[in-house]
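1. sequence first, then the predicted structure:
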Amino acid sequence: MKTIHIFILFIIVAVAQIAVPAQMIFNRESILNSGMAYKFKTEPVDPTDPFKGKYIILNYELDHIKMTNNNWQRNQEIYVSITNDSLGFAKATSVSIEQPELGSFVSAKVEWYSERDSILRFTLPFNEFYMDEYKAYDAEVAHRDAQRDSLPNNTYALVYVKEGEAVLDNVFINDIPIAKFVEQ
């Protein structure tokens, strides 16, 4: 009898170990397949972190919004409503602590609020782009050089958004995926 209970427990644990990662993969694929695509303008890239593996860190131009409400706490979870601007890049339209019922939005965390400027700064959750370890450094250099270029809007991240969840699909330089750009 004890053997049957151990076997049942083993089956439950095995199913859970398969189901949890499978659900995570399914959710990400669902967002990529049926989410709305937004282009987020990027800013210069920070160095890679040897403890997390080979990736580049992205900073976004969309990291603040002018707000009159000053009741914000550092690291508070917020919802940033977004839309496309006239050039096709994501822009923030509003921020709330309650999940919006309509429109596209992403979750973010409050960095700080400047009462002097009435600016709320926030961090978007999709700021790490993992790459082939042999291309990550070259990608970082290419991205930094492209940022220095006089052409505006030449570096951006393509992010799919669905019901507040966001998946970073790729990073582009001059409309070329960054991995292909560094091969040139």
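-> Arrived safely. Numbers count the residues shown, from 1 in each chain.
2. what does stretch 106-113 rub up against?
-> With CB atoms under 8 Å, 6 or more residues apart in numbering as the contact definition, stretch 106-113 has outside contacts at 63, 67, 70, 72-80, 82, 95, 119-125, 159, 161, 164-166. C-beta coordinates here come from the backbone N, C-alpha and C atoms, glycine included.
3. can you select the buried ones from those residues in PyMOL?
-> Remark: buried members of the contacts of stretch 106-113, expressed as a PyMOL selection using 16 or more other CB atoms under 10 Å:
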select buried, resi 63+67+72+78+79+80+82+95+120+122+124+159+161+165+166
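4. so which of the contacts of stretch 106-113 are in strands?
-> The strands, defined by DSSP state E, take in 77-80, 82, 95, 119-123, 159, 161, 165-166 from the contacts of stretch 106-113.
5. just the closest of these to residue 184, please.
-> residue 159 (24.0 Å; CB to CB).
6. show me which helix or strand of this protein is least confident by mean pLDDT.
-> strand 36-46 (a mean of 74; mean pLDDT, DSSP states H and E).
7. now do the helices in the protein.
-> 2-34, 136-148, 178-183 (DSSP state H).
8. indicate which one of those helices is closest to residue 90.
-> helix 2-34 (15.2 Å).
9. sorry, back to before: and the helices of the chain, which one's lowest on average pLDDT?
-> When the helices of the chain are ranked by mean pLDDT, helix 136-148 comes last with a mean of 76.
10. name the residues of that one that come out as buried.
-> Buried-residue list, helix 136-148, by 16+ other CB under 10 Å: 136, 138-140, 142-143, 146.
11. from the residues you listed, pick the one nearest residue 101.
-> Nearest to residue 101 among the buried residues of helix 136-148, counting by CB to CB, is residue 143 at 36.4 Å.
12. would you confirm that the closest one contacts residue 176?
-> No. Between residue 143 and residue 176 there is no contact under CB atoms under 8 Å: 11.7 Å.
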